[in-house]
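Q: Kindly return the folded structure for what I paste below:
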Amino acid sequence: MFRNVFALKSLERYFLTLAAGVALPVSMLTAIVVQQNWRSLTATDDAMRGFVIVRATLQTMEAVSAERGPMNSAMGADQPVPDAITHALDEARQRTNARIADLLSLYRAPYNPNGAREFTHLQRVRQALLDARDGADRAIAAPRASISGFTLWTVVGDMVALVPELRATMSDGIGLVARNQGEDFDLLTLALLAGDLREQAGLLGSTFAPALTKRRTLTASDQLRIERVVGRIDKLRGLIDANIASMPRHSASAAYRDMQQQYFGEGMNYIESVRALAEGADEGPSVSMYELAANYVPRMQSIVRFRDLMLDRVERRIQESREAAIRVLLTTLAAAAMLTSALIIGLALFRKRVIRPFVKATDIIGKIAKGGAVPEIPADEYRGEVNHMFKALNVLNDNAAAVRKLELERDRLIRDLAIMAETDFLTGLLNRRAFEKRLEAELRDLRGDDEGLAFILFDIDHFKAINDTHGHPTGDEALKTVADLCRKTFRQSDVVARVGGEEFAVLCRSHSVDAAHDIAERMRLSISDARIAAADGRRFGMTASFGVAYARGGDARALARLSRRADELLYKAKLNGRNCVLWEMPA
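A: Coordinates of the predicted model:
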């Protein structure tokens with residue numbers, strides 16, 4: 001039989017091994033495909049996170065550069081500075097503050113948990129901006145005659161120096177886009193070049209600040225600064241044209257043509273006219289910084305529009321890549337779910353119809369053989385021979401259940417007889433035979449001097465008089481009352497028995513004879529306080545005499561004479577007038 005059981009269990013294991021062998025490669029292939037698609041999705045998320053940082057940084061650079069326009073106008077205006085210029089400067093500063101705050105938020109957790117270095121750097125840039133504004137405000141408030149051209153250029157230079165510091169913070173963002181969205185990096189490059197062009201265009205206007213503010217002709221230093229900025233602008237224009245030329249023709253949008261016309265055409269022509277005026281006038285140019293900003297800055301907006309167009313294209317491409325990655329991932333998951341479901345259903349049906357009935361029958365036979373709880377046996381759930389097999393198992397189970405019922409009844413009778421053999425029928429306490437067994441066990445198990453054994457022996461005083469006066473049924477009630485008091489007074493671990501007609505014995509493990517005496521005294525008082533109702537309605541009391549013998553675990557001689565000594569002490573208690581507790585003090 002065990003060989004057959006093992007064979008069926010082995011069949012179940014073989015099936016599970018086969019199922020695992022089929023499911024494992026399918027699962028591994030699915031996991032690889034899903035992992036690749038998930039990486040593509042996370043790559044687009046990383047690219048978008050880097051792109052957001054790049055765009056916010058470019059916009060912050062633009063805000064700082066744009067703030068120089070009204071600042072230059074305020075330094076070049078006659079005092080008091082017109083309210084329109086002051087208002088324009090305040091609005092420009094508020095825009096810059098908002099841009100920096102937005103940029104700082106991108107380096108805080110949870111959006112960028114690793115941006116502590118850039119966050120600290122931006123905090124320093126913001127402080128440098130505040131310091132530069134303080135210098136500008138002092139220059140604006142100072143008398144125009146006391147401010148030199150060098151001082152004015154220093155103020156402008158402090159603002160100009162902030163832009164490279166801001167540009168440095170977006171290097172990680174550029175790297176994220178390059179690594180995860182490399183096919184669109186040419187568009188991002190154009191946006192970055194346009195951002196640099198916007199800064200250089202603004203710087204070109206600022207180079208005229210010392211001459212126009214002081215109303216003097218351009219110096220050699222002014223000319224050198226202008227030529228350097230114009231050279232950088234020409235270089236950036238060449239890089240933008242080269243990148244546009246390498247792109248498809250339709251990519252050369254209207255924004256690029258507007259930039260060519262409005263800035264490189266009209267804007268640069270205007271700068272050349274201002275430069276000519278600043279070079280030729282003996283009394284200084286007639287153009288103010290406010291007029292230069294009003295005519296030059298609007299033409300720079302074509303650069304910003306071109307930059308924003310390139311950024312919008314990059315963002316749209318990243319978003320399209322992300323949506324495509326999500327579609328592929330969902331398609332892969334759906335296909336994997338369908339394949340897995342088909343595999344699971346096929347294996348489950350095979351297991352249910354072929355393997356499981358034999359294993360279930362084996363389990364039922366084993367439970368029947370062991371006599372345990374038998375699971376429900378299927379009835380007409382299967383067809384053919386399998387159904388006949390389960391019907392036979394039903395018959396076998398019924399027969400086994402009948403046998404188990406007879407065995408349980410036999411065991412219950414045996415237990416009841418064992419309890420009756422050790423229990424006093426009247427009081428429910430142990431009888432003398434059971435007490436002697438417990439005494440032998442206690443004497444055998446007790447070891448060491450740290451614990452002792454007390455033998456308490458007591459009987460009811462004048463019990464014969466109670467029977468003679470009130471009748472034997474009342475005497476029985478008195479014995480039951482004493483038994484109940486024993487259960488309430490002694491511990492559950494104590495051994496309590498009725499060893500004679502009105503005689504009771506108790507075994508207590510105790511560390512001292514005083515503790516045993518105390519519990520015996522409590523029992524004596526409980527008996528003396530009890531009242532028994534006689535058959536005629538009268539109530540009477542009773543007393544009991546106690547003998548308490550005690551021996552420590554290491555004293556074999558005292559343990560051997562424990563029972564006899566307790567009996568002697570009880571006898572003395574009777575002689576001493578009854579209703580008392582006599583105990584011996586151990587050596």
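Q: alpha carbons only for contacts and neighbour counts from here, please
A: Noted.
Q: Could you export stretch 463-477 as CSV, keeping only the C-alpha atoms?
A: Taking Å, rounded to 0.1, in the frame of the first residue of the first chain, the C-alpha atoms of stretch 463-477 are listed here in CSV:
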residue,chain,number,x,y,z
PHE,A,463,-19.1,13.0,63.3
LYS,A,464,-20.9,9.9,64.7
ALA,A,465,-23.0,12.2,66.8
ILE,A,466,-24.0,14.2,63.7
ASN,A,467,-25.2,11.0,62.0
ASP,A,468,-27.0,9.8,65.1
THR,A,469,-28.7,13.2,65.8
HIS,A,470,-29.5,14.4,62.3
GLY,A,471,-29.4,11.3,60.2
HIS,A,472,-27.0,9.9,57.6
PRO,A,473,-28.2,12.1,54.7
THR,A,474,-27.3,15.1,56.8
GLY,A,475,-24.0,13.6,57.6
ASP,A,476,-23.4,13.1,53.9
GLU,A,477,-24.2,16.8,53.3
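Q: Flag every buried residue along that stretch.
A: For stretch 463-477, burial by neighbour count (16 or more other C-alpha atoms under 10 Å) applies to 463, 466, 470, 474-477.
Q: Mind putting these into JSON lines with secondary structure and pLDDT?
A: Listed next are these as JSON lines, based on DSSP: H, G, I helix; E, B strand; the rest coil; pLDDT from 0 to 100:
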{"residue": "Phe463", "secondary structure": "helix", "pLDDT": "93"}
{"residue": "Ile466", "secondary structure": "helix", "pLDDT": "91"}
{"residue": "His470", "secondary structure": "helix", "pLDDT": "91"}
{"residue": "Thr474", "secondary structure": "helix", "pLDDT": "93"}
{"residue": "Gly475", "secondary structure": "helix", "pLDDT": "93"}
{"residue": "Asp476", "secondary structure": "helix", "pLDDT": "93"}
{"residue": "Glu477", "secondary structure": "helix", "pLDDT": "93"}
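Q: Would you convert the residues you listed into JSON lines that also reports distance to His87?
A: Formatted as JSON lines, the buried residues of stretch 463-477 follow (distance: C-alpha to C-alpha, whole Å):
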{"residue": "Phe463", "distance to His87": "118"}
{"residue": "Ile466", "distance to His87": "119"}
{"residue": "His470", "distance to His87": "119"}
{"residue": "Thr474", "distance to His87": "115"}
{"residue": "Gly475", "distance to His87": "116"}
{"residue": "Asp476", "distance to His87": "114"}
{"residue": "Glu477", "distance to His87": "111"}
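Q: which among these gets closest to Ala128?
A: Ranked by distance to Ala128 (C-alpha to C-alpha), these are led by Glu477 at 103.8 Å.
Q: hang on, the earlier thing: and the buried residues of stretch 463-477, which two are the farthest apart?
A: Across the buried residues of stretch 463-477 (C-alpha to C-alpha), the longest gap, 11.8 Å, separates Phe463 and Glu477.
Q: part of a helix, is Leu507?
A: No: going by DSSP: H, G, I helix; E, B strand; the rest coil, the assignment for Leu507 is strand, not a helix.
Q: can you pull out the helices in the stretch 251-400 of the chain?
A: Secondary structure of the stretch 251-400 of the chain (DSSP state H, counting those that start in this stretch): helices at 254-258, 268-280, 289-350, 356-370, 384-422.
Q: pLDDT score for Met1?
A: Met1 carries a pLDDT score of 47 in this model.
Q: coming back round to it: and of the helices of the stretch 251-400 of the chain, who's closest to Gly76?
A: Nearest to Gly76, of these and by C-alpha to C-alpha, is helix 289-350 at 5.9 Å.
Q: Which elements pack onto the closest one?
A: helix 2-76, helix 185-206, helix 209-214, helix 254-258, helix 268-280 (3 or more C-alpha pairs under 8 Å, 6 or more residues apart in numbering; DSSP states H and E).
Q: Need the winner for burial among those.
A: Mean neighbour counts were compared across those using mean count of other C-alpha atoms under 10 Å; the top stretch is helix 209-214, at a mean of 24.
Q: Could you check the angle the helix or strand following that one makes with helix 185-206?
A: Per DSSP states H and E, the first helix or strand lying C-terminal to helix 209-214 is helix 220-245. Relative orientation of helix 220-245 versus helix 185-206 (axes from the mean of the first three to the mean of the last three C-alpha atoms, to 10 degrees): 160 degrees.
Q: which parts of helix 220-245 are buried?
A: Neighbour-count burial for helix 220-245 flags 222, 225-226, 229-230, 233, 236-237, 239-240, 244 (criterion: 16+ other C-alpha under 10 Å).
Q: Equivalent analysis for stretch 118-136, please.
A: For stretch 118-136, the neighbour count (16+ other C-alpha under 10 Å) marks 118-119, 121-122, 125-126, 128-129, 132-133, 135-136 as buried.
Q: which sections of the stretch 101-250 of the chain are below the confidence cut-off?
A: Regions of the stretch 101-250 of the chain meeting the criterion pLDDT under 70 cover residues 249-250.
Q: who's in contact with the residue lying closest to Leu311 once chain neighbours are set aside?
A: Among residues not flanking Leu311 along the chain, Ala191 sits closest, at 6.1 Å (C-alpha to C-alpha, 6 or more residues apart in numbering). Listed by C-alpha atoms under 8 Å, 6 or more residues apart in numbering, the contact set of Ala191 reads 306-308, 310-311.
Q: Check the gap between Ala191 and Gln262 for me.
A: From Ala191 across to Gln262, the span is 18 Å (C-alpha to C-alpha, to the nearest Å).
Q: returning to that earlier point: mind telling me the two of the buried residues of stretch 118-136 farthest from one another?
A: For those, the farthest-apart pair by C-alpha to C-alpha is Glu118 and Ala136; their separation is 26.5 Å.
Q: Please report the distance of Ala101 from Arg95.
A: Distance from Ala101 to Arg95, by C-alpha to C-alpha: 10 Å.
Q: typo on my end, Phe540
A: 106 Å.
Q: Of these two, give the one with the bigger neighbour count.
A: Arg95 (17 against 13; other C-alpha atoms under 10 Å).
Q: Does that one touch Met61 like I think?
A: No: contact status for Arg95 versus Met61: not in contact, 11.3 Å apart, counting by C-alpha atoms under 8 Å.
Q: buried set for stretch 156-175?
A: Neighbour counts over stretch 156-175 (16+ other C-alpha under 10 Å) mark 156, 158-160, 162-163, 166-167, 169-170, 172-175 as buried.
Q: if we take the residues you listed, which one ends up nearest to Glu67?
A: Nearest to Glu67 out of the buried residues of stretch 156-175 is Met159 (C-alpha to C-alpha; 8.7 Å).
Q: Wasn't the closest one part of a helix?
A: Yes: looking at Met159 with three-state DSSP, it is inside a helix.
Q: How about it, nearest residue that isn't a chain neighbour?
A: Counting by C-alpha to C-alpha, 6+ apart, Met159 lies nearest to Ala132, which is 6.1 Å off, once chain neighbours are set aside.
Q: Now do the contacts for that neighbour.
A: 155, 158-159.
Q: ok so Thr427 is a strand residue?
A: No: applying three-state DSSP, one finds Thr427 to be coil, outside a strand.
Q: what about the residue nearest the centre of the chain, distance to Ala116?
A: The centroid of the chain falls nearest to Pro110 when counting by C-alpha atoms, centre = their mean (16.1 Å). Taking C-alpha to C-alpha as the measure, Pro110 falls 12 Å from Ala116.
Q: Same check on Met75?
A: From Met75 across to Ala116, the span is 37 Å (C-alpha to C-alpha).
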